[in-house]
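Q: The sequence isn't on hand, but the structure is:
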């Protein structure tokens, strides 16, 4: 989910050289451990697995706990727009994520990508 909006993409595009090229790659930000566990990653220099994508995992946890995102018309919604957006979107799919045939973390990755 790109969070730059129209203004950000215009600013980005203004830095491309004349007749230059831009490649935008879109896909899920998901970890897979050396043992194949989805949602966990062994980062270089660390001795334990950590989660990724932390924002999506946090949004799913919030949805599972019944926490709702801040309403869009609330001034506080802009304070953490990205997390608020992710929580809102993930929350719409909590049950299908939890019941995904390949597991909850795989379901989260598929939902975040879709």
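A: Structure's in. What do you need? Since the model is a prediction, treat every value here as computed from it, not as a measurement.

Q: Only C-alpha atoms from now on, for both contacts and neighbour counts.
A: Fine.

Q: Mean confidence (pLDDT) on stretch 37-45, please.
A: Stretch 37-45 carries an average pLDDT of 91.

Q: The helix or strand of the chain with the lowest mean pLDDT: what's the following helix or strand?
A: Least confident helix or strand, the chain: helix 5-13 with a mean of 78, by mean pLDDT, DSSP states H and E. Downstream of helix 5-13, the next assigned helix or strand under DSSP states H and E is strand 40-41.

Q: how far out from the middle of the chain is that next one?
A: 15 Å (Cα atoms, centre = their mean, to the nearest Å).

Q: just use 41 as the starting number from now, easier for me
A: Sounds good: first residue 41 from here, last item strand 80-81.

Q: just checking, what packs against that strand?
A: Packing partners of strand 80-81 (3 or more Cα pairs under 8 Å, 6 or more residues apart in numbering; DSSP states H and E): strand 90-91.

Q: Each with direction, which strands does the strand it packs on pair with?
A: strand 80-81 (antiparallel) (DSSP bridges).

Q: number of nearby residues for residue 97?
A: Neighbours of residue 97 under the rule other Cα atoms under 10 Å: 20.

Q: what do you get for the one 3 residues further on?
A: Number of residues near residue 100 (other Cα under 10 Å) recorded here: 26.

Q: Low-confidence stretches in the protein?
A: 41-45, 67-68, 110, 112 (pLDDT under 70).

Q: Can you say which helix or strand has the residue nearest the centre of it in it?
A: Taking Cα atoms, centre = their mean, the centroid of the chain lies closest to residue 96, which sits 4.5 Å from it. Assigned by DSSP H and E, residue 96 falls within helix 94-104.
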